[in-house]
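Asks: make a model of this:
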Amino acid sequence: MGEVTQLRAQDIDGVRKTVRITPEAGTVKTGKVRVVPLHPHLVEMGSLDYVQLTRAALGPDAPLFYRKPVRPSRNPNYRGPAVKARERLAEWVRTLGVNDPDIQPNHAWRHTFKTKAARAKIEPGIRDKMCGHAARTVAEGYEHVTVEDMAKALKEFPRYAVTTPPHDGKR
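Replies: Predicted structure coming up:
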C-alpha cells in the first residue's frame, strides 16, 4: 500500500490508463520503476477524473492520497504523509471486520491480489510483473510481459464491492 499511497498525479497516465510506480515518489518494493495498468473498474469509478482534477488544482506533483505538507517536519522520527495515509487505510480495513491481530491489513493486499489473480487464471509471470516480483526461474526471465498483456489479463480480475468510507476531512 505504500506504493499506492505515495502516488502523485503525474504517476497516472490517463491516456494509457496506467500507473507508474517510481522511486521518485517514495519507497518501491524493487527500487525500480514499474508501470501497471489500472483495473477497468477503477477507471469506471472515476479515478482518472479524480487524478485530472487533482493535477489541474494542485499541479502534476500533487500527491493523490494525502495533502502535501506546508513545510518539512523537523522531527527525525516523522515518517511522512504517505505513511500516515497508509496507516489510515489499515485502520479503515480493521473497521470492515479484519480483526485478526496476526493479519497486517496493508501487507495482505499483495497476497490477496496474487491469490485472486491466480483464481482468475492470470498467468504467474503476469501476476509477478504487476506486483514487482522477480521471475522464479531463468526461463521465466526470458518472457517479457507488456503493459498490454497485463491490461488484458486484469480484465479477468474480479471486481470488489465498494462502499465509501465516511469522509473525515483528511485525504
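Asks: what about stretch 61-77, distance to the chain center?
Replies: Chain-centre distance of stretch 61-77: 19 Å, with CA atoms, centre = their mean, to the nearest Å.
Asks: what does stretch 15-34 give?
Replies: 9 Å.
Asks: give me the buried positions along that stretch.
Replies: For stretch 15-34, the neighbour count (16 or more other CB atoms under 10 Å) marks 17, 18, 19, 20, 21, 22, 25, 26, 28, 34 as buried. Every C-beta, even on glycine, is put in place using the N, C-alpha and C of the backbone.
Asks: now for those: which two are most distant?
Replies: In these, the most distant members under the criterion CB to CB are 17 and 26, with 22.0 Å between them.
Asks: and the helices in this protein?
Replies: Ranges of helices in the chain, per DSSP state H, are 2-5, 40-44, 47-58, 81-95, 105-119, 124-131, 138-141, 147-154.
Asks: please name the residues that touch the residue nearest to the spatial centre of the chain.
Replies: The centroid of the chain falls nearest to residue 4 when counting by CA atoms, centre = their mean (3.3 Å). Residues near residue 4 by CB atoms under 8 Å, 6 or more residues apart in numbering: residue 65.
Asks: quick check: the gap between it and residue 125.
Replies: Distance, residue 4 to residue 125, using CB to CB, to the nearest Å: 22 Å.
Asks: for the protein, what are the low-confidence residue spans?
Replies: Within the chain, the segments meeting pLDDT under 70 span 164-171.
Asks: one step back: dump the helices of the chain to CSV, plus distance to residue 162.
Replies: Listed next are the helices of the chain as CSV, based on distance: least, CB to CB, whole Å:
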stretch, distance to residue 162
helix 2-5, 15
helix 40-44, 8
helix 47-58, 11
helix 81-95, 12
helix 105-119, 15
helix 124-131, 20
helix 138-141, 33
helix 147-154, 17
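Asks: residue 9 and residue 59 touch, don't they?
Replies: Yes. Counting by CB atoms under 8 Å, residue 59 is a contact partner of residue 9 at 7.3 Å.
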